[in-house]
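[1] Dropping a prediction and its sequence here:
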Amino acid sequence: MKLVTAIIKPFKLEDVRSALMDLGLQGLTVTEVKGYGRQKGHTEIYRGAEYAVNFLPKIKVEVVVPSSAADKVVEAIVRTARTGQIGDGKIFVTPVEHAVRVRTGETDDSAI
Amino acid sequence: MKLVTAIIKPFKLEDVRSALMDLGLQGLTVTEVKGYGRQKGHTEIYRGAEYAVNFLPKIKVEVVVPSSAADKVVEAIVRTARTGQIGDGKIFVTPVEHAVRVRTGETDDSAI
Amino acid sequence: MKLVTAIIKPFKLEDVRSALMDLGLQGLTVTEVKGYGRQKGHTEIYRGAEYAVNFLPKIKVEVVVPSSAADKVVEAIVRTARTGQIGDGKIFVTPVEHAVRVRTGETDDSAI
Amino acid sequence: MTERTPRRLAVMAVAALLTCVASAAALAADAPTPNKGDTAWMLTASALVLVMTVPGLALFYGGLVRTKNMLSMLMQVFYTLCVVCILWVLFGYSLAFTEGGAFNAYVGGLSKAFLAGVTADSTVETFTDGVVIPELAYIAFQMTFAAITPALIVGALAERMKFSAIALFIPLWATLVYFPIAHMVWYWAGPGATIAAAKALAAAAADAKAAAQIEVDKVAANAGLIFQWGAIDFAGGTVVHINAGIAGLVGCLVLGKRVGYGREAMPPHSLTMCLIGAGLLWFGWFGFNAGSALEAGGTAALAMVNTFVATAAAALAWLFVEFLLKGKPSLLGGASGAVAGLVAVTPAAGFAGPMGAVVLGLVAGVVCLIFVDKIKNAFGYDDALDVFGVHCIGGITGAIGTAIVAAPAFGGTGIFDYAAGKVGDYNMTAQLVNQAYAVGLTLLWSGVVTLVLLILVKLIVGLRPGIDQEREGLDLVDHGERAYNY
Amino acid sequence: MTERTPRRLAVMAVAALLTCVASAAALAADAPTPNKGDTAWMLTASALVLVMTVPGLALFYGGLVRTKNMLSMLMQVFYTLCVVCILWVLFGYSLAFTEGGAFNAYVGGLSKAFLAGVTADSTVETFTDGVVIPELAYIAFQMTFAAITPALIVGALAERMKFSAIALFIPLWATLVYFPIAHMVWYWAGPGATIAAAKALAAAAADAKAAAQIEVDKVAANAGLIFQWGAIDFAGGTVVHINAGIAGLVGCLVLGKRVGYGREAMPPHSLTMCLIGAGLLWFGWFGFNAGSALEAGGTAALAMVNTFVATAAAALAWLFVEFLLKGKPSLLGGASGAVAGLVAVTPAAGFAGPMGAVVLGLVAGVVCLIFVDKIKNAFGYDDALDVFGVHCIGGITGAIGTAIVAAPAFGGTGIFDYAAGKVGDYNMTAQLVNQAYAVGLTLLWSGVVTLVLLILVKLIVGLRPGIDQEREGLDLVDHGERAYNY
Amino acid sequence: MTERTPRRLAVMAVAALLTCVASAAALAADAPTPNKGDTAWMLTASALVLVMTVPGLALFYGGLVRTKNMLSMLMQVFYTLCVVCILWVLFGYSLAFTEGGAFNAYVGGLSKAFLAGVTADSTVETFTDGVVIPELAYIAFQMTFAAITPALIVGALAERMKFSAIALFIPLWATLVYFPIAHMVWYWAGPGATIAAAKALAAAAADAKAAAQIEVDKVAANAGLIFQWGAIDFAGGTVVHINAGIAGLVGCLVLGKRVGYGREAMPPHSLTMCLIGAGLLWFGWFGFNAGSALEAGGTAALAMVNTFVATAAAALAWLFVEFLLKGKPSLLGGASGAVAGLVAVTPAAGFAGPMGAVVLGLVAGVVCLIFVDKIKNAFGYDDALDVFGVHCIGGITGAIGTAIVAAPAFGGTGIFDYAAGKVGDYNMTAQLVNQAYAVGLTLLWSGVVTLVLLILVKLIVGLRPGIDQEREGLDLVDHGERAYNY
Ligand SMILES: Nc1ncnc2c1ncn2[C@@H]1O[C@H](COP(=O)(O)OP(=O)(O)O)[C@@H](O)[C@H]1O
Ligand SMILES: Nc1ncnc2c1ncn2[C@@H]1O[C@H](COP(=O)(O)OP(=O)(O)O)[C@@H](O)[C@H]1O
Ligand SMILES: Nc1ncnc2c1ncn2[C@@H]1O[C@H](COP(=O)(O)OP(=O)(O)O)[C@@H](O)[C@H]1O
């Protein structure tokens, strides 16, 4: 299996989620993260003090899929998460050796 | 070494933690995440507007362990995190090539 | 490529970030996490009720780098995140098979 | 008016004095001085209406927007309060509450611009003959009304209007809509002149009757148009709520929907803040309604009790209907109902009996709920915080309802006839018509002028930020700050 | 009562007038009219007690629960306020403050149900002979007391009682516990009748003495049971705090512990909200205590100073003992101490001297701290927000303490003897007994009726949600909303 | 003073009575009794100033610190309020407002320590001859001033001073700085004595003139040093704001910068809380300024209007200049401007005309903004919440400005000359000098004593926590609690 991790713009989450569901996936996990990258941040001023904020709010989507499905998933995310502007994010694919469903104890492909 | 990642129900964290400590582990990292899956969410209504909330609060537990200990750890988490109801969560095991303890620079098994 | 994951003390983030930029990296993703480990927590008392808080606020830095750069990156983080006191944190290196830049579709090393 | 009895006593007591020392009494007669109890109450009431606006309204609205726009909402309400306060002492008070010459039916004059001639010793008449309060207390009290009214509008424009546009729109609206409407509804010659003219007429010899009658008519004509029509509005249902509500509707139609409206979830970022705001609104509204009696007497107490029960009744009604429709009564529903009740009882506060207020509240709660939950969705416009649904619809319910609950037959106080020196006979149909006219003119005037002003502002600075900016949120885009940095 | 002196002067002034024009004075004598200063203060006090409940109490309680139950806590307090306001004008006021015929010792009648006969001109006597305030102001003021008392209870039931159960329980409790207790403690014939009867007795010829005495007794007997016993409760230590506190204890015992109590950490989700609430409680409590003088005079000022210093003293005491026991004084401790002090000084506010109030506060702070921190844990029941520990224990401390600090010997005002027209001789032991009786009856009545009502409610709708639902939190389960969506 | 006219009338009315019944009038003359309207207002004003401190100031400051120090900020303000309230009734009131014998120019005596001799019937003179209010109301009102002043200081010491150090420093500062300064600025013999002496002098036969003159001088000399100099401070610009502001500057210099200052970002954790605080400050400030008239009359109304418009003007000025400098007006800017305006108008509230207040506000807004945004950074000290920049600089602007806006020529009220019984001729230069002296002495006294006290406290308990502790935050380190557990 593979763990597909995507860092995307927050308002794209809903589109990405439904695209993945259309691929027949049944679950995923999201985390609110802050991203630093080419996309420039903004400046905040509080009275005399000026702060450059480089970290922008992003959403991290993690989904574990059968190895076979990885490419379709990546492609679906790229398609739905893209706005074409700097800051659209990244997708990383990493290997997963083993998966278990806590409720049933089922393992691997049948666990996800 | 292996990274064992478990997505569990928030109120189970304390049980899981102590189970892992009983196995002799000395540390772990947790993240508040939102999970989408078979477990159904709820609906929120604010005046006329109705929202279906599909993402449920979950806790992600990440613990890096010696390869040998992985199975024991997975088994312990399954045992303690299980309620038998939909939404109990998943456990994923992924390979870790290298580990370092920042404070001492110790590496790999002795770092964790 | 490698995913370098570092758990550090929150106030060290800025130092770590600039160290990594100095290495020529262009992006990274951070998550607020809670860590359990050797570093002891504190006790909170609310009226009669006393709570031992074992989870301490930490920052998780995730950065995907070309395999060749992994060691330099780890070394840089160790150097900048270290205070020498318990709780400085850990660094884990895991393999990444594939990376994509959502905006352009570029892949692997050119995606990061 | 319920100050009658006490007043008569007072008068007789003075009479008593007269028989002792003419001079003193004479002097007293010439220059009635404020009763410190009235002054204490008016000062308190003014302070209460400030807290009703900031932080009250600011939090009620702010809690309902998304985190990224919280600060902009607070800012817009705060700015409105500040800018209108200044306009008020520069020329607003004068435009609203002085004789306006040729245009007197629509707006006042500039004789008191910059509060010219107003000193700490100046006084103004209340609704009771011979009872006065310091003019500065009256100015402070009415200032808070002028400030909160435009602040109500911004709720409809929430999360998508540039601050520069707000900054331009608000002072224009206050000047061209609020000050005139306030003059039309509330400006009149006062009890003294009215009674004097009536007495003169009564005393006039047969041949002088005609002249006296002319004088009576002149006094009656020295009032705002809506006042002349005989419409009653105790604390501003028309002037404040209908006025702001219709402006809100026009505003959100001109602006268009928020980016993502209907597609993205836009839950209130903090119902806790919303409830704090609702509580402070209720608290401040006691100053708003009971203060409008301008005296610390039975009428103020009546207005206060009505402001308690109508609000409670409306909240319960909203909760109950929600329970029937959705199975779950909600805090936002309760708070919305409370505000609907407060709005509806505003014009009736000093005229209705407590039971009438309860009924008025129940009706307003149900009407506004249905409007906000169902009708609005049917039309599909984006009145972000339901300013129209709660303030305008609730205000109309109250304005019309006042004609009913004010009826002595239904436990109301009726309307005091100064000429006759007692409560006059009550003609409900006539009153309903008067109220309807008042509502109609306000809807028309405010609606049209608001439209014109927004088009104007659009031409000058534009109304909305770019889509990406709106996504990022007005807090960072307009103010370079974030409401929270936890 | 400290209005004596001014009053006597007033009377003499009137006397002066009498000599001039009988008629006027006569008229004045027949129908005393409210002093606008008193009215202004009572209106203000009523508004203050509203803000004390919402948002004050709602935030103080809400801040102490977990995020997932915040909204339900706000809702329960808000709902209680609304429903009791309505009950109050329907029949509550009448049950509490009218003559109750056969049951007069326990509860009033229905002669003023729906506020029948109450107009803006109606007045009620204060504690000073010949001084009246508008009845509607009194109704508004007392309404707020009736509303906050049951709202105090919900703190003990926090995080685990279904809203439907609360919705049913509250109105029943107000009707069967609050209204009767308020009648028992506060209802009496008033100064006028009391003094008249006493005068008549004094004036009566030897043969008429017996008859006159009977009349005196009749007047004295026209009062609530606890009032007849001679117990004093300036602003509601017994009626409000002991009453609600014991109900809270019974409630949390019937409900049982929260899921996870003792195992899972349940820290307050926002001590910031808790402190805002505490501040508003203090603010509102000035209306509560100083308003209970029913006049804007020296007694009100005394009550206000006492409400300042007893609160401050209790907070400092709590902080200091915490510092001794744990090394760290806490904000929650300070806030809890402040509330304990406010509770304890409530019955004593107009009777104690400032130094007496300081001592009372210090004692209350220490007693409540020990109870909440130690004794409660020993018993192990889950009084979620320590309603019993702070309000009942603090209330008892205050009720008993009042007998001591009210003593002129300790700088107290003593108790005014209307018959004698001066402060009577003070018998502390007797007073202590009276206070103890009052406490006992309240504990008994409220405890028993609460138990019965809860059992009843359990049979009808059930008390607690399912375990999973309780885990998910009442906000989503009962109201389908979340307090925060950051 | 604008109570003149009413007063004269009153006097004449009494005269009328005199002619009827000497006795009554005589008695009345001997013991003037409080007007209940004044009492009602003073009670309200006292309550308002409490809410201004907690939660007002606590939230305004708390919102500006980082989450980890929120609770400590709330605690420090809350503790200050409590401890000073107690000191006030123990000896503070006496030190500030009684005759101080040999040291009378600098501080009062202990004749009223423990409020000895003060009862509910005690009264104190207002600024109008023959008008009194209950002494306990005056004590409560002034208590709140004593409490908020040291609370203002902690903003400068935020996020890095140990609670134990605060706990020690505050009571010492109140005793050695606030009580004396309050005495120096506000203590005087009162209108009665002043006028009596003047009358005596006028009436005195040629040979008695000398003696009478001596008496006049004695009365004039029975006042605090700054009062004798003729400096005017309506509601405490010097006593409260300059006093606290300079102490804050000295404090942050002694403490040194926060760990990470200038390197780490330290954005306000909740501008929402900050705005709530600002709103409540404004609300409470009406009690602060309008209450300082000590009567519910025209002067109070004037002070209220000025407190509205100066604040609004300052906020707008700040926003506008920010817009010019940075392109983005900020909520924090608006709130800071509002507070700057409130501070500046405080000494002028009852002396300036509304237009003068507007100008004063505009100036204060700009001056404080420039100081806080530019000058402070130039010096580089860490006045965490800009206590010096807003309160001291704003206070000085107001104190000096008062001499200008008080001028009748500029629409001010001028200064009442009790001897002459009318407003005296106004000498602006002289007044400017008087004000400058007052400012200078306050800066000197407060600055020096604060320095000494901090060094003392440092020796006893130390001032700052360890670096790691400061990093972890004072909430956990000092109080073992966290402000939020979402
Ligand atoms: N090397 C990296 N490792 C981990 N996350 C990264 C890396 N580079 C970028 N990111 C994440 O991707 C987000 C978008 O990257 P950015 O360079 O801003 O735009 P783009 O992906 O369009 O080039 C960043 O905010 C960060 O969260
Ligand atoms: N394919 C997946 N990849 C990543 N996380 C998943 C995946 N499927 C489920 N999860 C996580 O596991 C949680 C529980 O899954 P769910 O299907 O709801 O119940 P169950 O695990 O009992 O079948 C989800 O909320 C989500 O966080
Ligand atoms: N086995 C582990 N797996 C994952 N994270 C760990 C593990 N051990 C420690 N950590 C993380 O590293 C942080 C620091 O570890 P700790 O033992 O407290 O100090 P040190 O790293 O100096 O020995 C912990 O708070 C936790 O977040």
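    Yep, that arrived. Everything numeric in this text was worked out from a predicted model, so none of it was measured. Ligands and ions are numbered 1, 2, ... in the order given.
[2] ok, now which ones touch D:Phe288?
    Remark: with contacts taken as CB atoms under 8 Å, 6 or more residues apart in numbering or on different chains, D:Phe288 is in contact with D:45, D:48-49, D:52, D:144-145, D:235-236, D:346. C-beta here means a position set from N, CA and C on the backbone, and glycine is covered the same way.
[3] quick one: which of those residues is most hemmed in?
    D:Thr346 (31 neighbours; other CB atoms under 10 Å in any protein chain shown).
[4] If I look at that residue, what pLDDT would I see?
    Model confidence at D:Thr346, given as pLDDT, is 98.
[5] Now do it against F:Met184, distance only.
    Note on D:Thr346: its distance to F:Met184, by CB to CB, to the nearest Å, is 49 Å.
[6] Run through the contacts of D:Phe288 and flag the ones next to chain C.
    Restricting the contacts of D:Phe288 to those within reach of chain C (CB under 8 Å from any CB of the partner chain) leaves nothing.
[7] for the residues you listed, which one is nearest D:Gly108?
    Distances from D:Gly108 to those, taken as CB to CB, are shortest for D:Phe145 (15.0 Å).
[8] Where does that closest one sit, in terms of helix or strand?
    Using DSSP states H and E, D:Phe145 falls within helix D:135-153.
[9] Can you confirm whether that helix lies near chain E?
    No. Looking at helix D:135-153 against chain E by CB under 8 Å from any CB, there are no contacts, and the closest approach is 12.1 Å.
[10] Quick one: name the residues of the stretch 151-300 of chain D near chain F.
    Counting by CB under 8 Å from any CB, the stretch 151-300 of chain D sits next to chain F at D:163, D:273, D:276.
[11] ranking those residues by neighbours, who comes first?
    Neighbour counts for these, by other CB under 10 Å, peak at D:Ile276, which reaches 30 neighbours.
[12] measure that one to chain E for me?
    Look at D:Ile276 and chain E: by CB to the nearest CB, to the nearest Å, they are 5 Å apart.
[13] what's the spacing between the nearest residue to that residue once chain neighbours are set aside and chain A?
    Excluding the flanking residues, the one nearest D:Ile276 by CB to CB, 6 or more residues apart in numbering or on different chains is E:Pro55, at 4.6 Å. Taken as CB to the nearest CB, the spacing of E:Pro55 relative to chain A amounts to 27 Å.
[14] Contacts only, for E:Pro55.
    If you count contacts by CB under 8 Å, 6+ apart, E:Pro55 has them with D:275-276, D:278-280, E:276-277, E:280.
[15] Per-residue pLDDT of it, please?
    Per-residue confidence (pLDDT) for E:Pro55: 97.
[16] could you pull out the strands for chain A?
    Counting by DSSP state E, residue ranges of the strands within chain A are A:2-8, A:28-36, A:42-46, A:49-53, A:56-65, A:90-95, A:98-101.
[17] Looking at the ones you listed, which is nearest to ligand 1?
    Closest approach to ligand 1 among these (CB to the nearest ligand atom): strand A:28-36, 2.2 Å.
[18] for D:Gly236, phi and psi?
    Dihedral angles of D:Gly236 (phi, psi; degrees, to the nearest 10) stand at phi 110, psi 30.
[19] residue contacts, it?
    D:145, D:149, D:185, D:288, D:292, D:346-347.
[20] ok, now with 7 Å
    D:Gly236 makes contact with D:145, D:346 under the criterion CB atoms under 7 Å, 6 or more residues apart in numbering or on different chains.
[21] Any figure for the gap between it and D:Gly350?
    The gap separating D:Gly236 from D:Gly350 is 12 Å, by CB to CB.
[22] Adding distance to B:Ser68, write the contacts of D:Phe288 out as CSV.
    Output for the contacts of D:Phe288, formatted as CSV (distance: CB to CB, whole Å):
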residue, distance to B:Ser68
D:Ala45, 77
D:Leu48, 71
D:Val49, 72
D:Met52, 68
D:Thr144, 74
D:Phe145, 76
D:Ala235, 78
D:Gly236, 77
D:Thr346, 75
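[23] Which ones among these also lie next to ligand 1?
    With CB under 6 Å from any ligand atom as the criterion, those include none near ligand 1.
[24] which stretches of chain D form strands?
    Ranges of strands in chain D, per DSSP E, are D:123-125, D:132-134, D:416-417, D:422-423.
[25] Of those, flag the one that's most buried.
    Of all the strands of chain D, strand D:132-134 has the most neighbours on average by mean count of other CB atoms under 10 Å in any protein chain shown, namely a mean of 26.
[26] Many thanks, we can stop here.
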